[in-house]
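In: When you get a sec, could you give me coordinates for this:
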Amino acid sequence: MFRFATFAAATAVALTLAAPASATTTFNLGGSNTTLATGAALTQTKDGITISATGYTFASSPITFQNLMSGADAATVLSGLTAKSIRREATGIGVCWSGEAGNQCNQVDADGPNEILRIVVSEGVSLLSATFDRVDNNDTLKLYGVTMDGKLQHLGYGGIFDGAGTSMGVTGANGGAWLSGTGDDQVYQVNLNTAGYKEFWFGNNNDAADGYRLDSLTVTAVPEPTTWALMIGGFGLAGAALRRRRSLAVAMA
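Out: Below you'll find the predicted structure:
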């Protein structure tokens, strides 16, 4: 009984030192009307996690971009994009560039060059859900993640919101749902459960003028390999303590 208590206590210490937090954090991105300078980041910090949003465009079609860029080094891909501005309004953020029509300058759209909204996270996270505003039922979504070793990875797209394949094609996805609104100004939530990524790139699949505002993100921290190593080491220390206690008990018998 004493040996078990010693092991349990050592294990508890190891878990306390190494176990990652499992709490979720939701970032609400809407706010006062603001257009940032080209290339400037809109940042927000909550629960010790910081996200930074920047805007870009690319000239190829979305499917060509996916076929050429998925699996490539993200920094290399990024160097080939054109920096644009972030526009924030009460119901979320979008990408804006000089000469873009006013009704598209607050969304992520494909009216002209294809836009990407890049979200950089201060640590590896799983993206659990994303909420979009100003959506109608022919708008589309294409989502990429940047792996912890810096590779751009196509996570999937759901075709049109509320259409076939809305599950996004990522592990643990369970679709999405309309939350409120009517016509071309509805709120839609995509439910996800991705692996650990340090960036998320939001774009479109096809069609001119497909657009949405990114309203909120819900994430949960994912432990880095060093954290898992610390946890495993903690269990090793606990096991060593138990073996030592057994050896002493045998020696004293």
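
In: Find the residue ranges of the stretch 101-250 of the chain scoring beneath the pLDDT cut-off.
Out: 158, 163-175, 207-209, 224-250 (pLDDT under 70).

In: where exactly do the helices run in it?
Out: Taking DSSP state H, counting those that start in this stretch as the criterion, the stretch 101-250 of the chain carries its helices at 225-252.

In: contacting residues around the host helix or strand of Arg88?
Out: Following DSSP states H and E, one finds Arg88 within strand 82-89. Residues from elsewhere that reach strand 82-89 (Cβ atoms under 8 Å, 6 or more residues apart in numbering): 29-42, 53-58, 93-97, 105-106, 113, 115, 117, 213. Just so you know, the C-beta spots here come from the backbone N, C-alpha and C atoms, and that holds for glycine as well.

In: swap in stretch 55-68?
Out: Taking Cβ under 8 Å, 6+ apart as the rule, stretch 55-68 contacts 78, 80-86, 94-97, 110, 112-118, 142, 154, 203-206.

In: Tell me which residues of that stretch come out buried.
Out: Gly55, Tyr56, Thr57, Phe58, Pro62, Phe65, Gln66 (16 or more other Cβ atoms under 10 Å).

In: Mind checking which of the contacts of strand 82-89 land in strands?
Out: Here DSSP state E is the test, and the contacts of strand 82-89 give 34-35, 42, 53-58, 93-96, 115, 117, 213 as lying in strands.

In: follow-up on the earlier one: what angle do the strand holding Arg88 and strand 92-96 make?
Out: Counting by axes from the mean of the first three to the mean of the last three Cα atoms, to 10 degrees, strand 82-89 lies at 150 degrees to strand 92-96.

In: Any of the contacts of strand 82-89 buried? List them.
Out: 29-30, 36, 42, 53-58, 93-97, 105-106, 113, 115, 117, 213.
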